[in-house]
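[1] Model the structure of this input:
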Amino acid sequence: MKILIITGNLAYPGIKEVIKDSSEEIILHKADTQVAAFLTPNKIIKEIRENFQNELDTIDMILVPGLIRRSTDEINKEFNIPAFKGPTDCADLGMVIDLINDLELATDKAADKLIEEEKRKRAFQIIREFEEDTEIRDKLLKKPNNILVGNLPVGEDFPIRVLSEIANAPSLPKDLLIKKARHFVECGSDMIDIGMAAGEDNSHLVPDLIKTLRPVVGDKPLSIDTLNPNEIKVALENGIDLVLSLDLGHAEELVPLLKKYNVPAVLLPTNFAVNKVPHTVEERLEYIDELIGYCSKYSPDGQIDFIADLILDPVNSSSIVDSIIACKEFKDKSPYPLFFGVGNVTELIDTDSVGVNALLAGIAMEIGASVLFTPEESGKAEGSVYELAVASKMMFLAKNRSSIPKDLGINLLRFKDKRQRADVLGEVLYEDDLDITHIIAKESSKFVYDRAGSFKIRVNYGERFEDSSIIVTHFKKASADIVVEGKFPKEIYDELVRQGLVSRMDHAAYLGSELQKAYIAMLTGKDYIQDFDLFNPPLNLNSNLN
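    You can find the predicted model right below:
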């Protein structure tokens, strides 16, 4: 295939290097522009006419920079040659050309975006086909390391299931209870947990809690998080799917009931009735084995199904390392499903939860854990359910491909990019090549009120990003008169300009800046407060240490 690639002066050397070993016949043309993204379809048409008029019959495809704003339809129509957008980064051009015969390029989307979309589509297809294969599911459920929780298969051979806790459920108003459950479902949670209040007996509230949440969670299992035997008994009578948790203190009382209702339980290596809590790896393993023995002893018709929780400790509390070692040693000698309480770590460390959740999901996969458990009880841990839902799929794909969790088609990159910045790689930024005036910016101390009015901006956070929006209220002489709502900054400021609500350039620039901040907050889940920074600047470690 003969491919004509149009680029600019600055990208030309990099693209020349990328395509030098290509098996396709490539014509690389350097257009009369410094920056490739500044090209337009009309400029590209002009370049082709002036330089390739006599070769058009031999050209099979035209690739233009992925960053040009308009589609390539005009180029296609002008020359009757397929014209598509290439990647946004010239470093990805080699991959695009390698896949040129298999990739369905687009006139309005950059090629690398299409590759990512295709990878994502294939990744979800692999997971979906596995989950929907009832023959494989039934076969795997015959193994002791897999069980059913409700109708959900849980175990080492299935994707790690995410169990999200609605903490202190008895104290929540019904509308907030429903909102939290719906949020967790939308975030990809596989099971929803009703977190009861420690030290209280709210067994009289349990039937209504289950009844309220059933329609919200649909066919997803419901669990109850309590050590109160009365609450567990009522939950079993009202159709709970999983008990969180059973310990040595009430095993004799509850195991027969669990067997009667055929409900699995999470086992804890504790006996809180006599303040028996493990402190070493050996004690965790000893106590959990003792409880497993109880489950067999008091289930004469066969052992109840259970998931073992060796208790994942926070960093530098008892020892997160010891708790992970205990999990590993348990799985090395036992086939039973393993519970991994990720929230114990993410809620008790002051760092963004994304990387912590991804790493813990990877550790859980290597150990052979079957359940990732978390609440979302602090701002820094908000989004943990979504993060774990994505991470569990990443780890399932990596495990089944026998690969590291990289280039899977889905990822948890939210604040950083996979590729290093051009300046980090030592590439020269294009301003350095231009002979232009260089001005150091200074903020103006003078504020001039816009006679057209002022704005109050807020984010309306939905349960999903798709349900979220930015709301802008316009004030004229301190009185609200118009509200404009949208999702994207451009559509909002276009509307505000159309309505004549901005009359000063500095006010328009401020408005664009704040709308973009609001959009980033909506994407990331950050709290948007007008006129305040979204992110803290990095610490200056040298000045703080000296």
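[2] For the residue nearest to residue 476 when sequence neighbours are not counted, give its distance to residue 517.
    Setting aside the residues directly before and after it, residue 476 is nearest to residue 453 in space (C-beta to C-beta, 6 or more residues apart in numbering), at 4.4 Å. C-beta here means a position set from N, CA and C on the backbone, and glycine is covered the same way. The spacing between residue 453 and residue 517, counted by C-beta to C-beta, to the nearest Å, is 20 Å.
[3] how about residue 267, what does it touch?
    Neighbour list for residue 267: 245-247, 288, 291-292, 295, 306-309 [criterion: C-beta atoms under 8 Å, 6 or more residues apart in numbering].
[4] And for residue 385?
    Counted by C-beta under 8 Å, 6+ apart, residue 385 has contacts 162, 164, 183-184, 187-189, 374, 376.
[5] low pLDDT regions in the stretch 251-400 of the chain?
    298-302 (pLDDT under 70).
[6] quick one: the helices in it?
    Ranges of helices in the stretch 251-400 of the chain, per DSSP state H, counting those that start in this stretch, are 251-261, 281-297, 320-333, 343-346, 353-367, 384-401.
[7] now those in TSV, with distance to residue 105?
    What follows is the helices of the stretch 251-400 of the chain, written out as TSV (distance: least, C-beta to C-beta, whole Å):
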stretch	distance to residue 105
helix 251-261	56
helix 281-297	55
helix 320-333	46
helix 343-346	41
helix 353-367	32
helix 384-401	25
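[8] what's the closest of those to residue 131?
    helix 384-401 (9.9 Å; C-beta to C-beta).
[9] Just the buried residues of the next helix or strand after that closest one, please?
    Per DSSP states H and E, helix 384-401 leads on to strand 454-460 as the next helix or strand towards the C-terminus. Neighbour counts using 16 or more other C-beta atoms under 10 Å place 455, 457, 459 of strand 454-460 among the buried residues.
[10] Check what pLDDT the last one gets.
    Read that as residue 459. On pLDDT, residue 459 comes in at 96.
[11] One more: the first one?
    We have a pLDDT of 96 for residue 455.
[12] Give me the phi and psi for the residue nearest to residue 476.
    In terms of degrees, to the nearest 10, the main-chain angles of residue 453 are phi 130, psi -170.
[13] So for residue 198, which of the helices of the stretch 251-400 of the chain sits nearest?
    In terms of C-beta to C-beta, the element of the helices of the stretch 251-400 of the chain nearest to residue 198 is helix 343-346, at 14.8 Å.
[14] As CSV, could you dump the C-alpha coordinates of that closest one?
    Extracted C-alpha coordinates of helix 343-346, given in CSV (Å, rounded to 0.1, in the frame of the first residue of the first chain):
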residue,chain,number,x,y,z
GLY,A,343,-10.7,-0.6,52.5
ASN,A,344,-8.6,-1.2,55.6
VAL,A,345,-5.6,0.1,53.7
THR,A,346,-7.0,2.8,51.4
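[15] Check the offset of it from the chain's centre.
    Relative to its chain's centre, helix 343-346 lies at 17 Å (C-alpha atoms, centre = their mean, to the nearest Å).
[16] Could you list every helix and strand in contact with it?
    helix 353-367, strand 371-374 (3 or more C-beta pairs under 8 Å, 6 or more residues apart in numbering; DSSP states H and E).
[17] make it 10 Å
    strand 161-166, helix 320-333, helix 353-367, strand 371-374, helix 384-401 (3 or more C-beta pairs under 10 Å, 6 or more residues apart in numbering; DSSP states H and E).
[18] Show residues contacting the second one.
    Right, helix 320-333. 145, 156, 269, 278-285, 288-289, 308-315, 317, 319, 336-341, 344-345, 349, 360, 363-364, 366-370 (C-beta atoms under 10 Å, 6 or more residues apart in numbering).
[19] how does it look with 6 Å?
    281, 284, 310, 312-313, 338, 367-368 (C-beta atoms under 6 Å, 6 or more residues apart in numbering).
[20] ok, and the most crowded of these?
    Greatest neighbour count in the contacts of helix 320-333, by other C-beta atoms under 10 Å, goes to residue 310: 30 neighbours.
[21] That residue and residue 284, how far apart?
    In terms of C-beta to C-beta, residue 310 sits 5 Å off from residue 284.
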